[in-house]
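Asks: Could you work out the structure for the sequence below:
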Amino acid sequence: MKKLLILFFVFFLNLIFSQRDNSLQNNGSSEEKEKSPFSLKKKEEKPPISLYKIYTLEKDTTFVDTTLSIAKEYKYNLLRKDIFGLIAFANEGHTYNTLDFGLIRKKVNPVMGFSGKHFNYLEVEDIKYYNVPTPLSDLYFKTVMEQGQSVDAFLTVNTKPNLNFSIAYKGIRSIGKYINNISSSGNFRFTTSYFTTDKRYHLNAHFTGQDISNQENGGIKDINLFELSEQPYNQRERLDVYFNDATSLLKGNRFLIDHSYKLSKDNSNSFVILHQFNYEYKFFNFEQITSNERFGNSLSGTINNKTRYNHLYNKLGLGFTTDKYGDISVFIDDNNYNYFYKSVVYDNVGNISVPNAINDRITSVGGNLDYKINKFNLKLLASNSITKQSVSNIQASLDYKLNNDFKIQFEYQKINSLPNLNYTLYQSSYIDYNWFNNFKNEKTNQFQVSALSKWVKLEAKYAILDDYLYFDNVLNDITKLNVKPFQSDKTITYASVKASNEIKFWKLALDNTFLCQNVENSDKKLNVPQFVTRNSLYFSEHVFKKAMFIQTGIIFNYFTEYYANDYNPLLGEFYTQSERKIGGFPMIDFFINAKVKQARLFLKAEHFNSSMTGYNFYSAPNYPYRDFIVRFGIVWNFFK
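Replies: The predicted structure follows:
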């Protein structure tokens, strides 16, 4: 909260000193574009918005967009991205169930796990870097379910044309509608970017400090009372839940530096030395004042399970870069990790049955190719371990851009990856939640074809999964949880087709996204809805002599019934189940959004049909989706 107050103070000062009209246009004159944005001589000259650049470590570059569109409506949420294919839990900031299996990305090297708590955790690839001609601020605010707010405050500035700093903090607190359901999280991030005047040396670095805390109620006990929703149970705090005293906390700090140096002054053709350093410390803690029989017998009356994880990563490479054809590089990377507890577990005869740590080092060699010729762009990545672990990754993509209206892309990935560490080792005061496994590597072959045009966007995916890892409840009873990791000995195939298009007529528009999925697995351990859709019908118009631009309409979301994964708060993971289906209910939102200069105002009546179409809506088998609620907020950019 202290960080949040400091950032609000920064924004307040920023607002005071930027009262002049700073509205920027998406296009500037050719004369303005030729001038350096860092040496403006006249006060009235304003740099074009395309000079406010945002980029990733992969050098994917965009610029600040202050427009109002249906895409901005989709991204107006805690994650600040389009969440089609996910369904949120009742309280903002808790977790999401995954409807689109294609959103799950497997990493080659083992990660900590507890994936259900990582949706709001910013990974390396989520961090953006900036280059701006004048200071830029971004303020996000949104109301929550009950007693709290969601805020994301950001400021970036170039102190010199070649030196940028940014600082940001995203925080949320929401009590929620149900018992023991408070969400409270904070994501602090600081970045810097630098390059020498001759552009031979480039550096990007960031620091993140994140904590994601949730009270865990385990869902409601009696779904019949919820589905009737008669007095007094239409007041959600009257519904009894499984846990009244459980809390989970995911906390982590990370420091990363990524830099490169060109050996030649020739910027068009040169050898480049590449280096990346990454250190991260995380822990996941589950606390419960009194042990609960839903998890089985326990060793103590109070539960305090803490899993710790350290990760040190170094990557050193040598590349050759050309302006005409692209880049090629070879590299060696070193992953050193330590996943540990403070004690060991003994069996009945005094032998260690569950150790306290997994620590290992994985060293891999590989190469990258980024080749451009005419309208084709080919990218290749291959890596393979040279230490005892058998891990490998092959990725290939080919883009063909016919013109500005049509682009086609082919992608392929073959990955041989180690299990997430919580599949291998876990300790708890609950007796049934202690294990040490020796699973095989997961193998995935995935193909993807995408076609993008101004009329429609199509994506087709096909994946073959071998030695698939999953969590399952061995008791086959939702009211009792003995969830353990398992590995399938069957080959699983997954196929999906996703289509998106927007039809415009007059001031009306219909935006559609359809997803069809099919899974072939004989043991039914990978379950997805066959059909997911989102359809938005909206109206756009300038009002008040074009001083304001508004968009208003409805958004329809729907997915077919299926055996959705349930959530286990002790593990922070979702697990397969075959006792209860969810889905088959519509979720309809009504929204009115407006833009005044760089301020975008949002007002939404979420799930306003909840009382009309029946109380059978769930995010997971015993976790209800959100009731009707009206929420509002703002996204405001400031330019100096």
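Asks: So residue 147: helix, strand or coil?
Replies: coil (DSSP: H, G, I helix; E, B strand; the rest coil).
Asks: got it, and residue 455?
Replies: When classified by three-state DSSP, residue 455 comes out as coil.
Asks: Burial check on residue 506, number of neighbours?
Replies: Look at residue 506: counted by other C-beta atoms under 10 Å, it has 7 neighbours. For glycine as for every other residue, the C-beta is placed from the backbone atoms N, C-alpha and C.
Asks: try residue 263
Replies: A count of nearby residues for residue 263, using other C-beta under 10 Å, gives 12.
Asks: what's the closest non-adjacent residue to it?
Replies: Spatial nearest neighbour of residue 263, excluding adjacent residues (C-beta to C-beta, 6 or more residues apart in numbering): residue 271 at 4.5 Å.
Asks: Identify the residues contacting the one you found.
Replies: Neighbouring residues of residue 271 by C-beta atoms under 8 Å, 6 or more residues apart in numbering: 262, 263, 264, 318, 319, 320.
Asks: which residues does residue 220 contact?
Replies: Going by C-beta under 8 Å, 6+ apart, residue 220 touches 178, 226, 239, 240, 241, 242, 622, 623, 624.
Asks: Now with 10 Å, please.
Replies: 90, 178-179, 226, 233, 236, 239-242, 618, 622-624 (C-beta atoms under 10 Å, 6 or more residues apart in numbering).
Asks: That one bridge partners, please.
Replies: Beta-bridge partners for residue 220, by DSSP bridges, are residue 241.
Asks: picking up where we left off before, Provide the partner residues of the residue nearest to residue 263 in its beta bridges.
Replies: residue 320.
Asks: do the one 5 residues further on as well
Replies: Here residue 276 sits in beta bridges with residue 258, residue 315, going by DSSP bridges.
Asks: returning to what we had before: ok, so what distance separates the residue nearest to residue 263 from residue 199?
Replies: 15 Å (C-beta to C-beta, to the nearest Å).
Asks: Filter the contacts of residue 220 down to just the ones in helices.
Replies: residue 226 (DSSP state H).
Asks: Tell me the predicted confidence for the residue nearest to residue 302 when sequence neighbours are not counted.
Replies: In this structure, residue 302 finds its nearest non-sequential neighbour in residue 289, 6.2 Å apart by C-beta to C-beta, 6+ apart. Looking at residue 289, its pLDDT reads 96.
Asks: check contacts around residue 289.
Replies: 243, 244, 245, 246, 247, 301, 302, 303, 304 are the contacts of residue 289 under C-beta under 10 Å, 6+ apart.
Asks: ranges for the helices of the chain?
Replies: Assigned by DSSP H, the chain shows helices spanning 2-16, 30-34, 70-74, 223-228, 421-424.
Asks: Let me know how buried residue 68 is, in neighbour terms.
Replies: Neighbour tally, residue 68, other C-beta under 10 Å: 22.
Asks: And it, how far from residue 48?
Replies: Residue 68 is 19 Å from residue 48, by C-beta to C-beta.
Asks: Residue 484 too?
Replies: Using C-beta to C-beta, we find residue 484 at a distance of 57 Å from residue 48.
Asks: Ok, residue 143 next?
Replies: Distance, residue 143 to residue 48, using C-beta to C-beta: 34 Å.
Asks: One more: residue 64?
Replies: Distance, residue 64 to residue 48, using C-beta to C-beta: 11 Å.
Asks: Ok, residue 268 next?
Replies: 26 Å.
Asks: for residue 418, same thing?
Replies: Relative to residue 48, and taking C-beta to C-beta, residue 418 is found at 47 Å.
Asks: Comparing those two, which shows the higher neighbour count?
Replies: Neighbour count, other C-beta under 10 Å: between residue 418 and residue 48, residue 418 has more, with 22 against 17.
Asks: so the more buried one touches residue 339, yeah?
Replies: No - if you go by C-beta atoms under 10 Å, residue 418 and residue 339 don't touch, sitting 11.6 Å apart.
Asks: Cheers, nothing more for now.
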